[in-house]
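Participant: Build the 3D model from these lines:
(chains A, B, C and D)
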Amino acid sequence: MRFAWAHLCALFLFVAGATAEGHASHLVIAVRAEPNSIDPQFSAVGTNQATAMHMFDTLFTRDADLKLQPALALEAQRVDALTWRLKLRPGVRFHDGTPFDAEDVIFSLTRARHVPFSPASFAGRVAKIARMRAVDPLTVEIVTTEPAPQLITDLATVFMIPSELGESVTTAEFNDGRAAIGTGPWRFVRWLRGDRLELERNPDYWGPRPQFERVTIRFIVSDAARVAALLSGSVDLIDAVPPADLDGMRSHAELVLWQIPTVTFLYLGLDVARDDNPSIKTPRGQSSRNPFKDLRVRQALAAAIDRKLLIEKILSGSGVPANQMMPAGTLGFDPTIPPLAYDPERARALLAEAGWPNGFEVTLATPNNRYLNDALVAQAVGSMLARIGLKVHIDAMPRNVFLPRATRREFGLFLYGFGSVTGESLIGMRSVLGSVDPKRGSGTLNRGGYSNPVLDAALQRAAAANADDELAVNLQEAARLAAADMPLIPLYHQVATWASRAHLQLVPRRDERTLAHNVTSLEKNR
Amino acid sequence: MLAVLAAMSVIVFLGVFVIGDPVELLVNPEATQAEREAAIAALGLDQPVWRQYLSFLGDALRGDLGRSFVFNEPALQLVASRIPATLELALTAMAIALLFGIPLGVIAGTRPHSLIGRTIHGGAVLGFALPNFWQGLLLIMVFAVLLGWLPSGGRGETGTWFGIETSFATLDGLRHLVLPALNLALFKLSLIVRLTASSMQEALASDYIEFARAKGLRPRRILGVHALKNVMVPVVTVAGLEFGSLIAFAIVTETVFSWPGMGKLIIDSITVLDRPVIVAYLLLVVLMFMVINLIVDILYSAIDPRVQLAGSR
Amino acid sequence: MNVWMRLLFATRSGTIAVIVFAAIALAAIAAPWIAPQNPYDLAALDLRDARLPPGSVGPSGHVFALGSDVLGRDVLAAILYGLRMSLAVGVTSSVIALAIGMLLGLYAAYKGGRIDSLLMRLVDLQLSFPTILVALILLAVLGKGLEKIVLALVLVQWALFARTARAAALTEVRKDYIDAARILRLPEWRIVLVHLLPNCLPPVSAVAAVQVAHAISLEATMSFLGVGLPITEPSLGLLIASGFQYLLSGDYWISVFPGVALLLLVGSLNVVADGLRAAMNPRLESARAKLPPLLPESVQSAPAAEAALTVDRVTTRFASSQGLVNALNGVSLTLRRGEVLGLVGESGSGKSVLGRSIMGLIAPPGRIVGGDIWLGTTSLTALTEEQRRALRGSRMAMVLQDPLTSLNPVLRIETQMIETILAHENVSKEQARARALRALEAVGIPAPEERLKCYPHQLSGGMRQRVAIAIALLNRPDVLIADEPTTALDVTIQSQILAQVQQLVRETGTAMIWITHDLGVVAGLADRIAVMYLGHIVEIGPTQQILSAPAHPYTAGLLASIPSRNERGQPLQQLRGSTPSPVGLPPGCVFRNRCDRSSPRCEQMPELLGTTRQVRCFHPLEEAT
Amino acid sequence: MTAHVLLEVNEVSRTFATRRDFAAKLASLLGADKPVPAVRALDRVSLTVAEREVVGVVGESGCGKSTLARIIIGLLTPSSGTVTYKGRPVHAGEAQAPLDIQMVFQDPTASLNPRRRVAELLLEAPLVHGLCKPEEAEDLLASLLRSVGLDPAVGRRFPHEFSGGQRQRLGIARALAVQPQLLVCDEPVAALDVSVQAQVLNLFMQLRAERGLAYLFISHDLGVVRHLSDRVVIMYLGRVVEQATTEELFARPNHPYTRALLESAPKVDARTTFQPIRGEIPSPLDPPPGCHFHPRCPFASERCKRERPELAEIAPGHWSACHLNSGGA
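Facilitator: Numbers count the residues shown, from 1 in each chain, chains lettered A, B, ... in the order given. Purely as a prediction, here's the structure:
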């Protein structure tokens, strides 16, 4: 029956596809999230960055594997502990024809500090910059307030805009297109809020020229609607393909899927610090001592989860079982950490050993609109935990409700994730597992109260590292420490999936961003 | 009415304050404490809630409903920019409902016990029973995915008429309009059918119809003039009043069909707690309803000659 | 209540809906006992069972009759639990809202004045906002959760109940039994709760059935939008929404079956509500009845040429739920040109049915089952409906009892007059209008030019009846049937109209049947009087003769009971008993059980004997002549 | 006679404000301040009912007779003037008339709660007011039903199981249950067929004889009023225009309106040509100045248009409000 249905869909799709107009050199993409501004410096959230990457460039950029690559800057020399010298790419022009030079860099990095009303400011990325100087039109000298080994990483997020816009340029001017002038592969045509963004090819792009003349990026929040748009031929490519549709799409001759394991790490957070855990009840119903303070309980939970089954059934394969924060092939990943085995017997034994032979009652909090099938994952995890004798309730809520409560540490057990979009684990480890220390910016996302001075020290060393090797060694040490102590229970790394018409090719990115210039068509005449 | 607006603004203001903190969503998770605080201050969220409300109220009186936390644009302008999309959807839906609903209702009302009358009645019950969102999903499934006749969502190409962006202006826009408008219309269509049918039945049983028959009028005139003119009174009134509800139910349709109207905006804004937008939306909608009610009142007195007298017994 | 039940089950769709709803409700209530698993107990789920098609057996050994969802949850069980939740949410919120709304509405209607207008202000305000918007805002403010959605739904619904209850109560409050209770100085709470409430319950309960359906649908919608129930609660809306994703991959059962369940639940409730509403509409009953069968035809002879109208053994019946109503039983009479016949009878005597039978206005479930009517020498039963229509309003016309309802309220007087001419004659609109103007003048309407432009409501009752008479006489009909046209009017106005009509028919030579229950009216108007009782003409003859020397005991009794025929202050002569029902009459004289002169012979039906003066009685007070 | 006065209505007036319609609201919103029209339903009406007396009130629509009844019974409060019953004001404090005054309504169907059984209908008030003990209820029910000529065994039935005449009997029985002395009857036989009407009228007379009841008998039917009443009050547009004993009034009607009314009433016994008075009954919203009847009155003069004629005693016990009696025009 199921196959018959799928074939029926395929048949109609074929008909539909045949009738759809051939978009001559026009690409239509549907993405899940819409930016809240075209101003590339307004908000540092991923959606905005992904959108900005079409029209604007950064000094350094990250490739599909999140490796740093030169972009508008060709190289960065460290003159001394505090001084950096950047060589700019020659011959680059903004969409309006003005050449890109050192003044634009200084202007852009200066404006990034104080974009009005910015909810997610870039100020932190440029905070350590003390002063800047144009040595010549293609050379910029940056002096920092303190040694800043991560400066290039930070600069890789700040987009360049022409200095001609002037100090007074507003976000609104970007949004209506007047100020949407960058050096990127696409030019702004128009933005219909809530519906789509239209772009046209920048014929003078300094990098590889996009294959398509025009691109429309439609914003379709609803998973079903996005998939339907692809199936009905309204769009050529969609991102965030819901796991539910993967099986169906794999069997379509007309469609092709693009997948890549991402740096988005899903885990079970645990309150390991306090004596009274707000999510726990004993079998008799009263709140009690906090079982999660006991390593054996944490290990029991880790062993109770069948990650493979979870990924297969709930995510239709859109996941890679995780045993640490970073996926293989990224900075900070430690290959020596053993995988987490599914062993319910051992889990039950560990629980009994820890003094909970009859389990306990616990509420697992989860967002329901943040990650792929997050609420379903939580329920599946809940049912697995129920099998080792816990009584599990699920408390699912939108992330805007979840996050403040998590930050207030109202949850003793929760499902959440972290995306190391910079391709290394320093920021993630420091925010999620570092001891809470606002002054050093450590532990900002530490919602379980974990504190380990040895781990903090390793991260401290990593932050001060001047070379990637040094960074990697320290981060791997931190990863091993976390694996041994298990302050959170790793679940999996999300796999991102795009689906497109069969003739299209996409270079999928680990940070899940959908870039129109990464799409090419196999049909040369298009 | 001003009291309503004020009360509404207080409730929404407090309500959103209670549910959650927009900062958590908006601020970069990597941000330092200082950055967070800066963002909070920039949004004015560091003030106590009554302070925030008072400053909001002060601005509101000057016509400024604040800036969207998310889009950093005046909330009122943001909501207003979405009005045309919603209005064209609602208007089309209402047109569909009336254009099909009245004739079907007349048929069902004049021949309630015939096969066709029963079929229409059954269809109307079905239209009532199917929840709006399911209808929409099924429409997408059948007409967009299976048959591939119509686009599954979005607003399509728009053209400009009298300075307003509208889907009516282009073929592509019209194609995009069909399914959402149909989805939005189905419930009202059922309502109009039932209302027309029952008013028709009532009219046909009345003395003036019997008198018209006694006068020897032709059946077509009895039905088309005597009965229909009376039927139109409740139908027009209800249609007018239901127009407001169409705008509200557009929330569901717009969500299902990713239609970039006010409804989608409000749902999106609720998920991210964009308070200024929520407040602006509500105030604007209240205002729209007041205008609609006024228009219905005027329309009603235009269509029913008795209305002037109705007040004074 | 019993009446409702009977009527609800009288229609097939109603019966099916009640059965479907009852089955769903039972299944939902019994869900924990009949469902194959508790789908919302995490310990009962096995992920290995995920997404199995209907009828499969999962790796865990569980049988999934309707398939399983992505968590390995049994769809059938989930539907049962979902229905349970939907019903609980819908019924709880509607019942609470009903209780609140009902009490407020009743109290407002009972008290009236400021309390009423304040409450209704509030209700109007609330109702001018669509429910979905109010619910959405409330839920956005309140957050998710079962009790919150119930609270939101109560807040959304109470106003509608208050309004419905108030509207129902307002009609009830105006009824005299409430005044009677007040006059009897019953306590206020008692009047509201004991007298008002039970009588307002029927309309409110029909609304309640719709509201339960609406609440269920709204809950599903809210959950779909992500602001209703949390994902861990069994909600059909959530099932449909989450399952829709899998529809595209072919796993239709996750979404479709819950959708069908929701459709059945909401649909059956709507039909039940329709049934309830229809059951309260008295017209429904007759509408569903079948047509009475025709009588075997008997040979009819053409009438005398001088008769304007000949009614020959006309029998008219109505089908009702009680049985066949014998409204007319072989009624015969003739009307000479220019003659005025007073047709007198009490309620249920069939006098109005006779008028409408002559006009050919008997509509299903009524039917002329036998006899013939001749207009001049034209047999009306031999004509097609279109031919009969052409005669109506031109050669025969009618005026109805209630001047307030017989004119179309939304058409101007001139429209209603001109169309009457144009329906029968091919004249210009201007000519027709000029004739309408003259007709208004003729019935004594001052400033007719202005009146033509008026709508009916702008005229007084007397004026409206004059207009109706003018319309009836527009085409100078041979026969005018006036069905109690002055009963609803005041005495002084009645007398004006009687004078006018008397003069008009004399001038135009129109023959007229004046139907009335008031012997006094026809005493001054009619040439002859016919007295009807239970579908029979019992006596017919010249006015003076009937009034001074009635022959039929019924006519005599009727006349004797008129106060002015009795000595002041003395007990009136009275007929004993009351008129029996026209359904299932035993054979024989219909008056015999109230008659002092009846004998065993009266078990036969007497014939209407005589020529100028005819009596249908074996023991008449005067002999027929 | 004054010693036995039961009910005294003294200069009672009652006005109703009309609701403004949409256009009026809009107009007043725009600043055009039109006065809200008011209906003067009763205009300085006085009358008395003595013990065991039957007073008939006659008038056409808009004359205020129903308003008068509702004021007497305590359902409405007068705008001015007083109503006293046995010397005590009826409207003192709460708008509650004494239980002694009961009412019989026009529509026997609407005046009985369709969802209550006969026993509940009749016994509710006596039980609530403690006029009878629960154990005596059965007997009271039987005697009430018997006294209105119904089978005492019908207590379990619902009103719809009775014919119109029987329902009116039930309505009377309910009023009798609290042992009233005065029955206000508002068109009690208008909805009944002629043959049933006689039965009910006979019941009224019988009850009067048995129980010594007084009646205020409102009717548009002159024949009925004449048959039953001791005195008759004629009303026109909220005012009493004439009042006299029944014989006097019908023998020597004074007011032109009374005369018109008597002439207009259809009579069974004489074949008359109708000689109606002219004109419509004016709207109570906008009554003519002076004598309300002047536009229709064949004798009207200039004075009638300006000046309201006061009720004056033209013969012992015969009062009329017409300028013709005070030297005419």
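
Participant: Does chain C have contacts with the host helix or strand of residue B:244?
Facilitator: Using DSSP states H and E, residue B:244 sits in helix B:228-256. Yes: using Cβ under 8 Å from any Cβ of the partner chain, helix B:228-256 comes into contact with chain C via B:229-230, B:233, B:241, B:244-245, B:247-249, B:251-252, B:255. Yep, even glycine has a C-beta here, placed from its N, CA and C like the rest.

Participant: In terms of secondary structure, what does that helix contact?
Facilitator: helix B:75-110, helix B:132-139, helix B:171-204, helix B:262-272, helix B:275-303, helix C:131-142, helix C:197-225 (3 or more Cβ pairs under 8 Å, 6 or more residues apart in numbering or on different chains; DSSP states H and E).

Participant: CA atoms only: put the second one into PDB for me.
Facilitator: This means helix B:132-139. Extracted C-alpha coordinates of helix B:132-139, given in PDB (Å, rounded to 0.1, in the frame of the first residue of the first chain):
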ATOM      1  CA  ASN B 132      -9.900  24.200   8.400                       C
ATOM      2  CA  PHE B 133      -6.300  23.100   8.600                       C
ATOM      3  CA  TRP B 134      -7.100  19.500   7.500                       C
ATOM      4  CA  GLN B 135      -9.000  20.900   4.500                       C
ATOM      5  CA  GLY B 136      -6.000  22.900   3.600                       C
ATOM      6  CA  LEU B 137      -3.600  20.000   3.900                       C
ATOM      7  CA  LEU B 138      -5.900  17.800   1.800                       C
ATOM      8  CA  LEU B 139      -6.200  20.500  -0.800                       C
END
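
Participant: what is the rounded mean pLDDT of it?
Facilitator: The predicted model assigns helix B:132-139 a mean pLDDT of 85.

Participant: what comes up buried for it?
Facilitator: B:132-139 (16 or more other Cβ atoms under 10 Å in any protein chain shown).

Participant: Those into TSV, with extra columns for distance to chain A?
Facilitator: Listed next are those as TSV, based on distance: Cβ to the nearest Cβ, whole Å:
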residue	distance to chain A
B:132	14
B:133	10
B:134	12
B:135	14
B:136	9
B:137	7
B:138	12
B:139	10
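
Participant: give the contact list for the nearest residue to residue A:82 once chain neighbours are set aside.
Facilitator: Distances taken as Cβ to Cβ, 6 or more residues apart in numbering or on different chains put residue A:144 closest to residue A:82, at 5.1 Å, once the chain neighbours are dropped. Residue A:144 makes contacts with A:82-84, A:128-130, A:151, as judged by Cβ atoms under 8 Å, 6 or more residues apart in numbering or on different chains.

Participant: what's around residue 279, how many residues?
Facilitator: I went with chain A, as the question did not name one. For residue A:279, the neighbour count with other Cβ atoms under 10 Å in any protein chain shown is 23.

Participant: My question was about chain C, not that one.
Facilitator: For residue C:279, the neighbour count with other Cβ under 10 Å is 22.

Participant: host element of residue A:459?
Facilitator: helix A:453-464.

Participant: For whichever helix or strand comes after that helix, which outside residues touch it?
Facilitator: Using DSSP H and E, the helix or strand that follows helix A:453-464 towards the C-terminus is helix A:468-485. With Cβ under 8 Å, 6+ apart as the test, helix A:468-485 has contacts from A:295, A:323-326, A:331-334, A:336-337, A:424-426, A:429, A:433, A:450, A:452, A:454-455, A:458-459, A:461-462, A:465, A:488.

Participant: Next secondary structure after helix A:468-485?
Facilitator: Heading C-terminal from helix A:468-485, the first helix or strand you meet, by DSSP H and E, is strand A:488-501.

Participant: from the stretch 101-250 of chain D, which residue is nearest to chain A?
Facilitator: residue D:115 (48.8 Å; Cβ to the nearest Cβ).
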